[in-house]
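> no FASTA, just this:
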Ligand SMILES: O=C(O)CCC(=O)C(=O)O
Ligand SMILES: [Fe+2]
C-alpha cells in the first residue's frame, strides 16, 4: 500500500484480478454506450440519488457535472451481467476495505474493529459508474465539481489511460497519477474524518474533462449504516485533542443538499 501525502492510497495485491477489473471497465463502457432511451429506463427517481442521471437540479445557478453516470445501491433488474459482476466486485472490495479499516485503527493504536463496529452491520457499498464524455471546451465544464466524499472510504477504479482526477492540497490542484491496471485507489471520506476526530482528512477532489478522449471510472463508496451514530471514536478524544465533530446519523442523505450547492457537508458536523 502506498500513500500519496495522505491524500490517496494506492492498493495493489488486493485479491481482485486484473481480468475482473477489466470486466468492470468493459461493462461500465457498454452501459454508458447504450442508447439514451435504454439508459433512461434506469433513470433516477426525483429525490433519490440512485439510478442513471446527473445531479438533481435545485437552483438556477447550480454547476452541473459533465458526466454520464449510473449510481447503484440496489441492482437494475434487466442489467443482469452488470448486476452479477457488481455483486462480486462489491464482495471483493468489502474484504479489502475491512483490512484498510483495521490497519488504520492499528496505526492509531486503537482496537482494530473500532471503526468497523461504529459503521455497523447495515453499512452499504454504493457504486457509481462514471463516463466523462470528451468536451471540445474543457475549460468551460467540469467532470465532477470539487467535493469531498460523504462515505467513510471510497474505492476508486480509475481509467488506465486518461487522467482527470485531481486533489486539492494547500490551495493547489494535484493530478492523481495514472496507475497500473491492477491497482485501485482508496481515499478517506468525510465519515472517516469524523470517526478519526480529524486525524485522517477527507480530501477535496474534482475531475476535469478531456478534449478528445472519454474517461471511465468506477467509484464504490463505503457508507456507514443509516441507523448508526458516527462520531469521533473514544480513543481519539482527550483533553489534548478535544472532540471536533458532533455525532451524525444518515450523513449522506441528510447532507446531500450541501453537496449539490458545492459546499462541504462536513462543515455542518463541526462543533
Ligand atoms: O472519476 C473519478 O476519478 C472520481 C469520481 C469521484 O470523485 C466521485 O465519484 O466521487
Ligand atoms: Fe469523489
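Here it is on my side, so go on. Values in this document were obtained by computation on a predicted structure and should not be read as measured data. Ligands and ions are numbered 1, 2, ... in the order given.
> show me where the stretch 101-250 of the chain has strands.
Using DSSP state E, counting those that start in this stretch, the strands found in the stretch 101-250 of the chain span residues 124-132, 144-147, 153-157, 165-169, 172-175, 184-188, 205-207, 215-223, 229-230, 248-249.
> How confident was the prediction at the closest residue to ligand 1 within the stretch 151-271 of the chain?
Closest approach between the stretch 151-271 of the chain and ligand 1, counting by Cβ to the nearest ligand atom: residue 217, at 3.4 Å. The C-beta positions use only the backbone N, C-alpha and C, and glycine is treated the same way. The per-residue pLDDT reported for residue 217 equals 95.
> Going by neighbour count, which residues of the strand or helix carrying residue 37 are buried?
Element membership of residue 37 [criterion: DSSP states H and E] is helix 36-40. Neighbour-count burial for helix 36-40 flags residue 39 (criterion: 16 or more other Cβ atoms under 10 Å).
> One more: stretch 123-134?
Under 16+ other Cβ under 10 Å, the buried positions of stretch 123-134 are 123-132.
> In CSV: those residues, plus distance to residue 63 and pLDDT.
Shown next, in CSV, are the buried residues of stretch 123-134 (distance: Cβ to Cβ, whole Å; pLDDT from 0 to 100):
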residue, distance to residue 63, pLDDT
123, 30, 90
124, 27, 89
125, 27, 89
126, 22, 91
127, 24, 92
128, 18, 92
129, 21, 92
130, 17, 94
131, 19, 93
132, 15, 94
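> Just name the closest of these to residue 199, please.
The nearest member of the buried residues of stretch 123-134 to residue 199, counting by Cβ to Cβ, is residue 123 at 20.5 Å.
> residues in contact with the closest one?
152, 222-225, 228 (Cβ atoms under 8 Å, 6 or more residues apart in numbering).
> Show me the beta-bridge partners of the residue of the stretch 151-271 of the chain closest to ligand 1.
Following DSSP bridges, residue 217 is listed with bridge partners residue 130.
> My guess is it contacts residue 162. True?
No - Residue 217 is beyond contact range of residue 162, at 9.2 Å (criterion: Cβ atoms under 8 Å).
> So the two - more neighbours on which side?
Ranked by neighbour count (other Cβ atoms under 10 Å), residue 217 and residue 162 place residue 217 first, with 24 against 18.
> Fine by me, thanks again.
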